[in-house]
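Enquirer: Okay, sequence plus prediction incoming.
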Amino acid sequence: MLKMPRLAIAYLMPVSVIMFYLCLTSGAYLYADAQVRGSVAERQLEWVKQQVFRTQHLVESALLVQDLERIEQEVSLASTDPNVMVYILLDSASKIRFANHLVWRNSNAIQVIDGYLFERHYEVVSSTQAYIHINRDRLSIQAYYPLIPNSDLGPDNNVELLYVEYDLSLLMAKASNSLQQTFYLFWGVGTVFLLILLCFLHWLIIRPLKRLNHSTMAEPIKPTGWLPAELSRLQDSIELIKDNASYNLKRLNDSEQRWLFAVNGNHKGIWDWNIATGEVFMSDSWKAMLGCAPLDNTEDFRAWKGRIHAEDKARVLQSLQEHLNGTTQTFECVYRLRHRQGHYIWVLDRGMLIDWDDQGRPSRIIGMNTDVSDSLSAQSSPKATKAEAWLEQQMLRHTKAQQSALFVIRLAGTQVQPNAAEKPLIQLLIARLANYLSAVDLNGHYHDGEYVFITSALASDSEIARRHSLAIGSDIARLLTQDNSLEDDMLQAFTFSIGIALAEPAKQLPLSIWLEQARIAAGSSHGHKSPCSIYSDANTTELHGHDS
């Protein structure tokens, strides 16, 4: 459908006022012209009635005494009026006996007089009632007056009807011209007044509104004291809205920059799925995670589903459907996605419904993917030497000049080697740990039921470093016990313990001793109320609850 352009009020108001003025004055002129023409016609009608009535009596008197010359004089006198179109006397056969034009005499009126009706002639003579009316089509007055004939006169001189047609066109034209001159003067004065009014309205309304409109894009305008109260309040409101919009836009830009920095800096990608249309928005970092360019067309639910590993697809789609059905509060799953180069990467996928349609059906869900390939790929490596080599590298990185802490997180299931049902939960817990550490630029390693990582940048004071390490352990404990989409009975089948061992730069402990201290601390916390404990210098373990 063609969209009509929106007219500016600076043009719409004067055009509307001018059109209204033209319609009003034109209507008034047409009405006044009709009234003037009607007044002229009514005035002349009365005059014609008087003249014809006088002529009727004169003709009847002349017929009575057989004075035909007097009739001729009366007809000649009527002919002197230029507005008299027809002035004739007719006999019973519509033959013209006397006329204001000699050429009409002894002619049949039906043939030579336009506007004469024999039917009207016969009706008037039969009823002996005169008929006079205004013919607006011919702009004339037509009069039929019966006469009393004299039987003593011969048929050539006897008459029974006086027919008169009086022209109104000249009188009406003169009256219309006079009215037109009056209206020209009125229009001129009215137009000048209208222009003055439009200039005043422009200064009072249009100009302030234009300034208010420009103020949304330009510098703040100064308050004007002569503004009406409504426009003054409107100006204040616009200034307030503009200030709030600028402030909120700045906050939004700052939040977006911080959000993009956090997402792009930690191997995370954002997705937004419109369930109704099937369209999926993928952030550039999400596409880069799979080796795709920002302009690649991957924004489709079927394209995402086609990238899921065959062994993980049923589990992922079931977990997603449970969240859409309202069974779980969030969607959380660890699975493999096919990279553009053909290999698979491990991702931790978290999402949440944020919108529903009018019928209460889910319509939009957003989420975040985290690349946890480095952490989960270590599960497939049975060699302990690989884990030790990784720890040696981390130890050299973190213990050169700062006090560091080594964390050992033991994940214990129903058996030493997890079965197929327990494996997804281990993957989820490892992915959570990897996601937590990536936020602070740390890496962890999983091997044989233990997740190990080293953190540095602790305080130089031993007591403060100890409290800092316990705080990190408490955060990890809460992370591992938060709600998830897996079965509660499966989660209860797993236990975990967190052991922490501190190392000062001056001591330079061997990796084997440092790792053993953390394992002793993890073992001592197993079965206690607190799953987190720290190894003491006296080779004893202090237990600490979440409230410490």
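Expert: Structure's in. What do you need?
Enquirer: where along the stretch 51-200 of the chain do the helices fall?
Expert: 68-79, 109-112, 118-127, 169-201 (DSSP state H, counting those that start in this stretch).
Enquirer: Okay, domains of this protein per the record?
Expert: 39-173, 220-263, 265-371, 376-543 (automatic domain parsing).
Enquirer: CSV for the helices of the stretch 51-200 of the chain, including distance to residue 102?
Expert: The way it works is simple: take the backbone N, C-alpha and C, and place the C-beta from them, glycine included. Output for these, formatted as CSV (distance: least, Cβ to Cβ, whole Å):
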stretch, distance to residue 102
helix 68-79, 10
helix 109-112, 12
helix 118-127, 22
helix 169-201, 24
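Enquirer: List just the one of these that sits closest to residue 15.
Expert: helix 169-201 (10.2 Å; Cβ to Cβ).
Enquirer: Report the mean per-residue pLDDT for stretch 179-195.
Expert: For stretch 179-195, mean pLDDT rounds to 87.
Enquirer: follow-up on the earlier one: any chance of TSV for the helices of the stretch 51-200 of the chain, columns distance to residue 97 and mean neighbour count?
Expert: Shown next, in TSV, are these (distance: least, Cβ to Cβ, whole Å; neighbours: other Cβ atoms under 10 Å):
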stretch	distance to residue 97	mean neighbour count
helix 68-79	9	15
helix 109-112	10	15
helix 118-127	14	14
helix 169-201	28	13
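Enquirer: how about those helices, which one is nearest residue 320?
Expert: helix 169-201 (62.3 Å).
Enquirer: just checking, what packs against that closest one?
Expert: helix 9-64 (3 or more Cβ pairs under 8 Å, 6 or more residues apart in numbering; DSSP states H and E).
Enquirer: Residue 455 touches residue 407, doesn't it?
Expert: Yes - if you go by Cβ atoms under 8 Å, residue 455 and residue 407 touch, sitting 7.2 Å apart.
Enquirer: got a list of contacts for the host helix or strand of residue 335?
Expert: Applying DSSP states H and E as the criterion places residue 335 in strand 331-338. Contacts of strand 331-338 from elsewhere in the structure, counted by Cβ atoms under 8 Å, 6 or more residues apart in numbering, are 290, 307-309, 311-313, 315-316, 319-320, 323, 344-352, 365, 367, 372, 376, 424, 427-428, 430-431, 484-485.
Enquirer: Over to stretch 24-33?
Expert: With Cβ under 8 Å, 6+ apart, stretch 24-33 has contacts from 176, 179, 183, 186, 187, 190.
Enquirer: What residues sit buried inside it?
Expert: For stretch 24-33, the neighbour count (16 or more other Cβ atoms under 10 Å) marks 25, 29, 32, 33 as buried.
Enquirer: Can you tell me which of the contacts of strand 331-338 end up in strands?
Expert: Secondary structure from DSSP state E places 344, 345, 346, 347, 348, 349, 350, 351, 352, 365, 367 of those in strands.
Enquirer: Select only the buried ones of the residues you listed in ChimeraX?
Expert: Per 16+ other Cβ under 10 Å, the buried members of the ones in strands among the contacts of strand 331-338 correspond to this ChimeraX selection:
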select :344,345,346,347,348,349,350,351,365,367
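Enquirer: Quick check: the farthest pair among the ones in strands among the contacts of strand 331-338?
Expert: Spatial extent of the ones in strands among the contacts of strand 331-338 (Cβ to Cβ) is set by the pair 344 and 352 at 25.3 Å.
Enquirer: burial count for residue 310?
Expert: Residues lying near residue 310 (other Cβ atoms under 10 Å) number 7.
Enquirer: Could you do residue 311 as well?
Expert: 11.
Enquirer: What pLDDT does the model give the residue nearest to residue 178 when sequence neighbours are not counted?
Expert: Nearest residue to residue 178, sequence neighbours excluded (Cβ to Cβ, 6 or more residues apart in numbering): residue 36, at 8.0 Å. Looking at residue 36, its pLDDT reads 89.
Enquirer: Please apply the same query to residue 73.
Expert: 84.
Enquirer: Ok, residue 274 next?
Expert: Predicted confidence (pLDDT) for residue 274: 89.
Enquirer: circling back: could you export the ones in strands among the contacts of strand 331-338 as CSV, including distance to residue 89?
Expert: Converted to CSV, the ones in strands among the contacts of strand 331-338 look like this (distance: Cβ to Cβ, whole Å):
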residue, distance to residue 89
344, 122
345, 121
346, 124
347, 118
348, 120
349, 115
350, 115
351, 110
352, 109
365, 105
367, 110
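Enquirer: In JSON lines, list the ones in strands among the contacts of strand 331-338 along with pLDDT and distance to residue 42.
Expert: Formatted as JSON lines, the ones in strands among the contacts of strand 331-338 follow (pLDDT from 0 to 100; distance: Cβ to Cβ, whole Å):
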{"residue": "344", "pLDDT": "92", "distance to residue 42": "104"}
{"residue": "345", "pLDDT": "91", "distance to residue 42": "102"}
{"residue": "346", "pLDDT": "88", "distance to residue 42": "104"}
{"residue": "347", "pLDDT": "88", "distance to residue 42": "98"}
{"residue": "348", "pLDDT": "86", "distance to residue 42": "100"}
{"residue": "349", "pLDDT": "89", "distance to residue 42": "95"}
{"residue": "350", "pLDDT": "87", "distance to residue 42": "94"}
{"residue": "351", "pLDDT": "90", "distance to residue 42": "89"}
{"residue": "352", "pLDDT": "91", "distance to residue 42": "88"}
{"residue": "365", "pLDDT": "91", "distance to residue 42": "85"}
{"residue": "367", "pLDDT": "89", "distance to residue 42": "89"}
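Enquirer: Spit out the contact partners of the nearest residue to residue 460 once chain neighbours are set aside.
Expert: When the adjacent residues along the chain are set aside, residue 460 lies closest to residue 403, with 6.3 Å between them (Cβ to Cβ, 6+ apart). Residue 403 makes contacts with 456, 458, 459, 460, 462, 465, 502, 503, 504, 505, as judged by Cβ under 8 Å, 6+ apart.
Enquirer: ok, those vs residue 247, which is closest?
Expert: Of these, the one sitting nearest to residue 247 (Cβ to Cβ) turns out to be residue 459, at 37.9 Å.
Enquirer: and the closest one, what pLDDT?
Expert: 69.
Enquirer: same question, the one 10 residues further on
Expert: pLDDT, residue 469: 83.
Enquirer: Am I right that it falls within a helix?
Expert: Yes - assessed by DSSP: H, G, I helix; E, B strand; the rest coil, residue 469 belongs to a helix.
Enquirer: now the contacts of residue 403: which count as buried?
Expert: 456, 458, 465, 502, 503.
Enquirer: Single out whichever of these has the smallest pLDDT.
Expert: Minimum pLDDT for the buried ones among the contacts of residue 403 is recorded at residue 458 (70).
Enquirer: which one is it nearest to, not counting chain neighbours?
Expert: residue 465 (3.9 Å).
Enquirer: next one: residue 136
Expert: Leaving aside its sequence neighbours, residue 136 sits nearest to residue 41 (Cβ to Cβ, 6+ apart; 7.8 Å).
Enquirer: Identify the residues contacting that neighbour.
Expert: Taking Cβ under 8 Å, 6+ apart as the test, what residue 41 contacts is 134, 136, 141, 168, 172.
Enquirer: And the furthest pair within these?
Expert: 141 and 172 (11.7 Å).
Enquirer: Residue 289 and residue 347 touch, don't they?
Expert: Yes - look at residue 289 against residue 347 with Cβ under 8 Å: they come within range, at 7.4 Å.
Enquirer: Now for these two: what residues contact both?
Expert: 369, 371.
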